[in-house]
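Enquirer: Output the structure for:
(chains A, B, C and D)
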Protein chains: 4
Amino acid sequence: MDSIKAEFNGDETTAMSRIPVTILGATGVVGQRFVRRLIDHPLFEIGHLAASDRSTGKAYEEACAWRLDGEPYAGLNRHVLRAAHPSEAMAPVVFSALDSGPAKEIEPLFAAAGSFVFSNASAFRMAKDVPLLVPEANADHLALVETQRRVRGWKGAIVCNPNCTATVLVMGLAPLQQAFGIERVFMTSMQAISGAGYPGVPSLDILGNVIPFIRSEEDKVEEETPKMLGRFKEGMVEDAPFAVSAMCHRVPVIEGHSEAVSVALKGSPSPDRVADVFRAWRGDPRVAALPSAPPAPIRVHTAEDRPQVRLDVEKDGGMSVHVGRVRTCRLLGIKFALLGHNTERGAAGASVLNAELAHALGYLA
Amino acid sequence: MDSIKAEFNGDETTAMSRIPVTILGATGVVGQRFVRRLIDHPLFEIGHLAASDRSTGKAYEEACAWRLDGEPYAGLNRHVLRAAHPSEAMAPVVFSALDSGPAKEIEPLFAAAGSFVFSNASAFRMAKDVPLLVPEANADHLALVETQRRVRGWKGAIVCNPNCTATVLVMGLAPLQQAFGIERVFMTSMQAISGAGYPGVPSLDILGNVIPFIRSEEDKVEEETPKMLGRFKEGMVEDAPFAVSAMCHRVPVIEGHSEAVSVALKGSPSPDRVADVFRAWRGDPRVAALPSAPPAPIRVHTAEDRPQVRLDVEKDGGMSVHVGRVRTCRLLGIKFALLGHNTERGAAGASVLNAELAHALGYLA
Amino acid sequence: MDSIKAEFNGDETTAMSRIPVTILGATGVVGQRFVRRLIDHPLFEIGHLAASDRSTGKAYEEACAWRLDGEPYAGLNRHVLRAAHPSEAMAPVVFSALDSGPAKEIEPLFAAAGSFVFSNASAFRMAKDVPLLVPEANADHLALVETQRRVRGWKGAIVCNPNCTATVLVMGLAPLQQAFGIERVFMTSMQAISGAGYPGVPSLDILGNVIPFIRSEEDKVEEETPKMLGRFKEGMVEDAPFAVSAMCHRVPVIEGHSEAVSVALKGSPSPDRVADVFRAWRGDPRVAALPSAPPAPIRVHTAEDRPQVRLDVEKDGGMSVHVGRVRTCRLLGIKFALLGHNTERGAAGASVLNAELAHALGYLA
Amino acid sequence: MDSIKAEFNGDETTAMSRIPVTILGATGVVGQRFVRRLIDHPLFEIGHLAASDRSTGKAYEEACAWRLDGEPYAGLNRHVLRAAHPSEAMAPVVFSALDSGPAKEIEPLFAAAGSFVFSNASAFRMAKDVPLLVPEANADHLALVETQRRVRGWKGAIVCNPNCTATVLVMGLAPLQQAFGIERVFMTSMQAISGAGYPGVPSLDILGNVIPFIRSEEDKVEEETPKMLGRFKEGMVEDAPFAVSAMCHRVPVIEGHSEAVSVALKGSPSPDRVADVFRAWRGDPRVAALPSAPPAPIRVHTAEDRPQVRLDVEKDGGMSVHVGRVRTCRLLGIKFALLGHNTERGAAGASVLNAELAHALGYLA
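Expert: Residues are numbered from 1 along each chain as shown, chains lettered A, B, ... in the order given. Okay, the predicted model is just below:
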């Protein structure tokens, strides 16, 4: 990897030199958030922006409809887009905001060429040898990359962050799994339009409306969640032994997924006890010090009508999740309101946090 | 009752003379829908509009901020509002759009004076001797009025329609209860702002937002549902023996409650079987011919992303409910999307349908 | 034309036989409104639905994402789409919901082949020999088709309805032009998303937002308005001699364009006088009896906060326009609020009304 | 004033001691923004929060529904609210977020008692001896306080910031007035719901709607604008000699007023020339260094569809205004899109900037 770093930085002897990264799919809404998060990152430095063939060779500002506040294009207006291929856009660390189809083709090329790929795509999430990380919950799963390299013969690796809705759910379930053990989970989501990208959801479809369908979303939540909360043992992850039922909806909200969760816990703890567990939880201690980690992974609200997506979701740069209304469920025992930022904690911020964890654990040395 | 009719119609000998009615709470959003539904009703004729003391003596158009389309005030612009008391606004049939507090005081006065009160208020819904009707599902519960009259010594009676969210849910559950038997129900609602009346929800609270709390709503759904689906036996209703867990949300939708329902059924029928039951269900045969009954109580959608509240809820004057996405639930067996009109099927239309049923069964003779 | 009618109806001897029509661009949001308006029309009968090559040969329900309430596809679910060419979809009357580019190519083919084309496209609106009709205001302009046929050697003709925003404006200006004479006009629009078609405006762009730009819209309003209010003389239309300044905005509204209008009138009439003129205006007497004409072309509101798009725009099937807040303008003399339905009065309904006028004046015999 | 400062700070000898302030109307949406702006202000220090009698004696968090992001109640949760009277809540500097009615009574009491009152209320804006400030545009008007003190015999003074819509407009007009001279102005506003306070606009009124009426708003804009751009001469302000016509609308936007402006300028400059003037303008040089002043008072956008309220209004803490689409107007010569933050630049931030100016010019010494 050293030679690659040298190619980028000119000087690899400095202890402080940052690791060059490539952002795949840099023009989309998640790609833009990668750019904004990485433009001043203490560990990583943007080397290449890559996009589809249609955009290759264009300046970033010509190929991208920047949708975020702050400085447009994060100042990279004239940065020329490269093709999404190792021969054009190699870097020791790659962040992928590709759609699932292209991701399936392109991410392995970079992993084979030696890149550590942190992917927001769904293509490899459920592969047995690919870590599906929510660092506060399952940092130890990162060790799956060793299995992955052995199996696939790659010098690099692919590490996935989960579906945005599943990420938020796992953040809300992990403390309960650790403190009590989970037996069953119901989750109904009310999801923001930004989750569909840009142009994404037509306004004629969603103004004043609720759409009770998001393609593949329920399956992703139901399958990814037990994997993330599973146990890493002898080079493999064993799924957590509980079932999840998800019902997913699109609502006219710009950023942030609201989730209504009901859960059966071992030992039938009281709502107060559960709220205390949420309040006390800090997640994996190796995560708290990472640059993108929030002050605490969960913010517990006491007001009877919170969390509310418009008022709460941008706190902590969107990296904490919000819990409120912990109360008794007549069927499963406990229910609560859950909220998280779908394009930060559920996408760009998640991948960056994964990369920071990999760095802290020595994988990017 | 005759003298009252005579007072209104001048001529009670005509077979076709309509029954005079009083609308309590006529100025609110549900009251307005009562007015619009009853202005040309084949069985009922508006006699009095009654409102709070503040409005008594004013013309309807002065006291009421009309919010519906169609003719403003249904042409009753200059109708003078009366006090909500039998001495001022007596009629053989009374429709009540009062809030729960005033309803508790005022509805019994009318019932004692001999009126048949069809109430949208929550005040008496859970009283053991008060029918809580969704006519397609439990028309036989109407016989509770005989118990009620015996117990309370009233000449009239109070008949309630349920909470709007519970109404829609019961419409979706009744065919399953009848065909299979229900064991457990999960329901997450995404509710329209009109449910909170006018001025109701401040726009600063709900634009681009989801509020995971509606006061008392979850309790109402969890308690009213088993009563409605219970068995009428020996002058009493025995609650249906299953538990309901509800999680209720306000979303930026104008009219119509969307519900995500998951249900455990006896015999574990397949989704196809369940969809067939929905399609075939016509409800109590005595209801189909009532003036406000929809062509079929349930419309089953086959498109994967329907029902959608903005596209579907106004069909059949808002009196049918909509079912879609009948599919397997990993926890309870069956889940589906449900949709209904909260201020028609869930309020004004519901009370009027109850009154039509009472008429058809001879209670208003 | 007779043979074509015979081809469609089998029997042209019946006095009651309706004129067969083709709808070009039948799958879009305006095309769908054409279908819904024409499915039970007393004069016209849908012969062919035509669409882009991509859809030719498909059933209507396969090629079209139906967005309207009422019966989906107006019952034409299995109607097979034809190519938009006279050889495939000839009819004596053609309604065109094509985009401007295709319209420029395709509409003349039909006109040359003998069809009377009623077009919602902008392609020919400003051509000197093409009538740009708002029938209540300028029914006499229809005679331009004679010039057009002479100049172009067509057996058929093209008749355009104006841009949706300009249509509403002309409805609001025509009575003032006729009663007083107009000297100058300012108009600021707040336009519905449906004006951009489907998928049209991405929800990420418009939720909670105002976009101060709609491509070409201001030019269209400024150029089309004087043509429509011009004088027909010796086979030509002489533009009305006043300037219009338009500022156009997109707002999060589903249907209906709101316009703030300020106008300098000859003789400086008072607001009361102007409101009386609006109230009294009935437009061209030959229009009032047409099947799609509203009871009165203008509804004048007296409430200080009306018209409001959500409450008022659907009245009269969207065919009337709404005026309110007629008051003094410190600069031009009179200002008022104006509102109209962009996809009915401003698109599909407008073309149909134009065709009805042509029929009444004997052009379609 | 010294004794009051001493009462607050205990030590008035320190050069660095901040000036204690009282916030009147601290529980409303503008009051909350005052609190958030002043909690860490370099010149001012919150002494008292005052509110209506109903709230007096309560803790801030009990009396106030905090609607802003950031720390709830800015940490003043337990701060006890005082009565809005000098005997209870005296301070050398007072910020008033009162409604106009109470402001008329209460603000003079503080001014008479010696406070410098910076008011967001409309009560005294049009009084001949009260400065109506937009500091970048008319800092010299502050000298009106000397006239005011002489006329009214007050030790203190009242200084007003204008109506929010007028503030934004004056920011957009001031550079043009200075560079060219203004002859006539048209302005159509599309205003955010936050301008109506909380609970303010009912959601049933504004979801998917445009309301063409905001009480008194048009008059305020038309009257306040010429006063602000008038000339200060011999102790009085002479109104600028041009007329303004305003048409005001409420739209479903949370924060930020969009304005469509058309203006006749002396010498008929080209759009390019006008855009250059906007770009170059820095306003009164004494303002640029004030703590709440934005980097530049005007941000000029070049993208054809900007500024957009949701993307742009929060820049610079809402203290800059945005200009875009400078183009030719067929009637007045120049038109452009204008945007500003109604509750910061148009309310709380405006008052604080006024106070900072007064401090810089020695009025608060």
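Enquirer: who in chain A is up against chain B?
Expert: A:184, A:186, A:188, A:190, A:207-213, A:222, A:243-245, A:247, A:249, A:251-254, A:258, A:260, A:262, A:304-311, A:324-325, A:329-332, A:335, A:337 (CB under 8 Å from any CB of the partner chain). Backbone N, C-alpha and C define where each C-beta goes, glycine included.
Enquirer: could you give me the average pLDDT of the lengthiest helix in chain A?
Expert: Longest helix in chain A, counting residues (DSSP state H): helix A:164-179. Averaged across helix A:164-179, pLDDT comes to 98.
Enquirer: Quick check: buried residues in that helix?
Expert: By 16 or more other CB atoms under 10 Å in any protein chain shown, the buried positions in helix A:164-179 come out as A:164-177, A:179.
Enquirer: now swap in stretch A:27-46 and tell me
Expert: Buried residues in stretch A:27-46 (16+ other CB under 10 Å): A:27-39, A:41, A:43-46.
Enquirer: you'd agree A:Q148 is up against A:C160?
Expert: No. Assessed by CB atoms under 8 Å, A:Q148 is found out of contact with A:C160, at 10.9 Å.
Enquirer: which of those two has more neighbours?
Expert: Shown here are A:Q148 and A:C160; by other CB atoms under 10 Å in any protein chain shown, A:C160 has more neighbours (27 against 23).
Enquirer: now that one, which residues is it bridged with?
Expert: A:S119, A:L132 (DSSP bridges).
Enquirer: Is it correct that A:T188 is in contact with B:V210?
Expert: No. If you go by CB under 8 Å, A:T188 and B:V210 don't touch, sitting 11.2 Å apart.
Enquirer: Among the residues of chain A next to chain B, name the buried ones.
Expert: Listed as buried from the residues of chain A next to chain B are A:184, A:186, A:188, A:190, A:207-213, A:222, A:243-245, A:247, A:249, A:251-254, A:258, A:260, A:262, A:305-311, A:324-325, A:329-332, A:335, A:337; burial here means 16+ other CB under 10 Å.
Enquirer: Tell me which entries of those residues lie within helices.
Expert: Residues of those located in helices (DSSP H): A:E222, A:V309, A:R310, A:L311.
Enquirer: Neighbours of the residue lying closest to the second one once chain neighbours are set aside, how many?
Expert: The reference is to A:V309. Nearest residue to A:V309 in three dimensions, chain neighbours excluded: A:G256, at 3.9 Å (CB to CB, 6 or more residues apart in numbering or on different chains). As a burial measure, A:G256 scores 33 neighbours (other CB under 10 Å).
Enquirer: List the contacts of A:G256.
Expert: A:G256 makes contacts with A:A192, A:V309, A:R310, A:D312, A:V313, A:L339, A:G340, A:H341, A:N342, as judged by CB atoms under 8 Å, 6 or more residues apart in numbering or on different chains.
Enquirer: Next, the last one: secondary structure please.
Expert: Using DSSP: H, G, I helix; E, B strand; the rest coil as the criterion, the local structure at A:N342 reads coil.
Enquirer: residues in contact with the residue nearest to it when sequence neighbours are not counted?
Expert: What sits nearest to A:N342 in space, not counting adjacent residues and going by CB to CB, 6+ apart, is A:C164, at 3.9 Å. Counting by CB under 8 Å, 6+ apart, A:C164 touches A:Q191, A:G195, A:H257, A:G340, A:N342, A:T343, A:R345, A:G346, A:A347.
Enquirer: A:L339 is in contact with A:G318, correct?
Expert: No. The criterion here is CB under 8 Å, and A:G318 misses it with A:L339 at 10.6 Å.
Enquirer: out of these two, which sits in the busier spot?
Expert: Each of A:G318 and A:L339 has its neighbours counted (other CB under 10 Å); A:L339 has more, 28 against 22.
Enquirer: I figured the more buried one hits A:V309, correct?
Expert: Yes. With contact defined as CB under 8 Å, A:L339 counts as touching A:V309 (5.8 Å).
Enquirer: helices or strands next to the one helix or strand A:A50 maps to in the packing?
Expert: Assessed by DSSP states H and E, A:A50 sits inside strand A:44-51. Strand A:44-51 sits against helix A:2-9, strand A:19-24, helix A:29-38, strand A:82-83, helix A:86-89, with contacts defined as 3 or more CB pairs under 8 Å, 6 or more residues apart in numbering or on different chains; DSSP states H and E.
Enquirer: any chance of these in a markdown table, plus mean pLDDT?
Expert: As requested, the helices and strands packed on strand A:44-51 are exported to a markdown table (pLDDT from 0 to 100):
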| stretch | mean pLDDT |
| --- | --- |
| helix A:2-9 | 37 |
| strand A:19-24 | 98 |
| helix A:29-38 | 96 |
| strand A:82-83 | 96 |
| helix A:86-89 | 96 |
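Enquirer: Indicate which one of these is closest to chain C.
Expert: helix A:29-38 (7.6 Å; CB to the nearest CB).
Enquirer: could you give the angle of the closest one to strand A:44-51?
Expert: 160 degrees (axes from the mean of the first three to the mean of the last three CA atoms, to 10 degrees).
Enquirer: which other residues reach helix A:29-38?
Expert: Contacts for helix A:29-38 (CB under 8 Å, 6+ apart): A:21, A:23-26, A:44-46, A:49, A:51, A:64, A:66-68, A:70, A:73-74, A:76, A:95, A:97, A:120, A:194, A:197-198, A:200, A:292, A:343-344, A:347-349, A:351-352, C:204.
Enquirer: For the buried ones among those, write the corresponding PyMOL selection.
Expert: Under the burial definition 16+ other CB under 10 Å, those of those that qualify are selected in PyMOL by:
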select buried, (chain A and resi 21+23+24+25+26+44+45+46+49+51+64+66+67+73+74+76+95+97+120+194+197+198+200+292+343+344+347+348+349+351+352) or (chain C and resi 204)
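Enquirer: residues from chain A in reach of chain C?
Expert: So chain A meets chain C at A:29, A:67, A:193-194, A:198-208, A:252, A:254 (CB under 8 Å from any CB).
Enquirer: at 7 Å what do you get?
Expert: By CB under 7 Å from any CB of the partner chain, the part of chain A that sits against chain C consists of A:67, A:193-194, A:198-204, A:206-208, A:252, A:254.
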